[in-house]
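With the sequence up front, the predicted model follows.
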Amino acid sequence: MKHGPTEFCMGSSNLAGLDSLFLEDIPVKDPALRELRDLFVECTDICCPAEAWRTPLLSFGDVLLFDYSLFHRGGHNDSPDLRALIYNTYSRPWVRH
């Protein structure tokens with residue numbers, strides 16, 4: 001993990017920035033995300049509880065698909081090498097962020 005892989009905030013596409021009054025009404029299938037749900041109440045638009053960050057373990061040449069509304073960030077590159085990657089983002093024409 002010395003090249004600083006992409007990290008993802010699990011649940012952020014559904015839970016971040018939500019009003020605490022409605023948070024319990026949101027269906028969450030993953031039991032681990034149910035436990036994190038309360039931590040998102042204190043978040044603003046761009047927030048992720050430390051416990052929600054996950055780093056997938058990928059090998060050279062692997063492809064990872066994810067919803068671009070999921071909060072994500074590049075980890076710190078501790079190697080002397082450059083980090084090469086490609087992001088292709090697709091959405092419906094009516095989607096606005």
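Ah, there it is. Residues are numbered from 1 along each chain as shown.

CA only for contacts and neighbour counts going forward, please
Will do.

Let me see the ranges of the helices in the protein.
12-15, 20-23, 31-36 (DSSP state H).

mean pLDDT for these: which is lowest?
Of all the helices of the chain, mean pLDDT reaches its minimum on helix 20-23 (a mean of 57).

do you know how far the residue lying farthest from the centre of the chain is from T89?
The outermost residue of the chain, judged against the average C-alpha position, is P80 (26.2 Å), by CA atoms, centre = their mean. Remark: distance between P80 and T89 (CA to CA, to the nearest Å) = 28 Å.

Tell me where the model's unsure across the chain.
1, 14-28, 33-34, 38, 40-46, 96-97 (pLDDT under 70).

repeat that for 80
For the chain, applying pLDDT under 80 flags the ranges 1-4, 11-47, 69, 83-85, 87, 91, 95-97.

What segments of this protein are strands?
Taking DSSP state E as the criterion, the chain contains strands spanning 6-9, 53-54, 72-74.

Could you look over these and pick the most buried one?
strand 6-9 (a mean of 18; mean count of other CA atoms under 10 Å).

So what touches that strand?
For strand 6-9, contacts defined as CA atoms under 8 Å, 6 or more residues apart in numbering pick out C48, A52, W53, R54, T55, P56, L70, F71, H72, R73, G74, G75.

Next, format the residues you listed as TSV and append distance to V95.
Listed next are the contacts of strand 6-9 as TSV, based on distance: CA to CA, whole Å:
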residue	distance to V95
C48	23
A52	26
W53	25
R54	26
T55	27
P56	27
L70	15
F71	17
H72	19
R73	22
G74	24
G75	28
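
Could you identify the most distant pair in the residues you listed?
Maximum pairwise distance in the contacts of strand 6-9, criterion CA to CA, is 16.8 Å, between C48 and P56.
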